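In: Below are the sequence and a predicted model; questions follow.
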Amino acid sequence: EVRAEGCAEELILHKVFDGNRPSSSLLFPQLSAYVTGQILALYEHRTAVQGFIWDLNSFDQWGVELGKKLAIDVKDHLTKARYDPKQQPVDIPDAPATSRILNYYVKNGRESTENGTGMSVNPLTSVTRKTHREHFPPPIHDLGGNVGKLS
């Protein structure tokens, strides 16, 4: 596929991903500033430590670019599934595990967007500039001391 796009032969190794490798999927009922910080810290730590253990450059630019392309592809499938009036399931032929997790996420997202009024709320976010303080920190958290506040 990459060759068909006219990619230089020496770059093909950097632009393909075999798949069928272990991965992590995190699903949260609501994406808040607190949860976003936890996710970023988790992945930053995981990426750096994994690189040290495997003796490789975790911040290799080719890998970063490939990860962005894969993430954009997943985002496109997710967006299409969310706004599909027929609510067809996601089907990515070469990635059945990705299809399953996206279908789970879309299904549960649809069920949780009902706000009790019979009207659906925006499934992308319910946090705005005016309401973001209501979502930080969660009442039960693992920060300890100072009620989860930084200062």
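Out: Now that the structure is in, tell me what you want to look at.
In: Tell me where the chain has helices.
Out: For the chain, the helices defined by DSSP state H occupy 9-12, 33-54, 61-82, 96-112.
In: Mind listing what's buried along the second one?
Out: The neighbour-count check on helix 33-54 (16 or more other Cβ atoms under 10 Å) flags 34-35, 38 as buried. Heads up, the C-betas are built off the backbone N, CA and C, glycines and all.
In: Among those residues, which one lies nearest to Q88?
Out: Distance to Q88, by Cβ to Cβ, is smallest for V35 among the buried residues of helix 33-54, at 29.1 Å.
In: State the distance from the residue lying closest to that closest one once chain neighbours are set aside to R100.
Out: Leaving aside its sequence neighbours, V35 sits nearest to F28 (Cβ to Cβ, 6 or more residues apart in numbering; 5.2 Å). Going from F28 to R100 by Cβ to Cβ, to the nearest Å gives 18 Å.
In: L27 too?
Out: 12 Å.
In: neighbour count winner among those two?
Out: R100 (14 against 9; other Cβ atoms under 10 Å).
In: Quick one, grab the pLDDT at that one.
Out: pLDDT, R100: 89.
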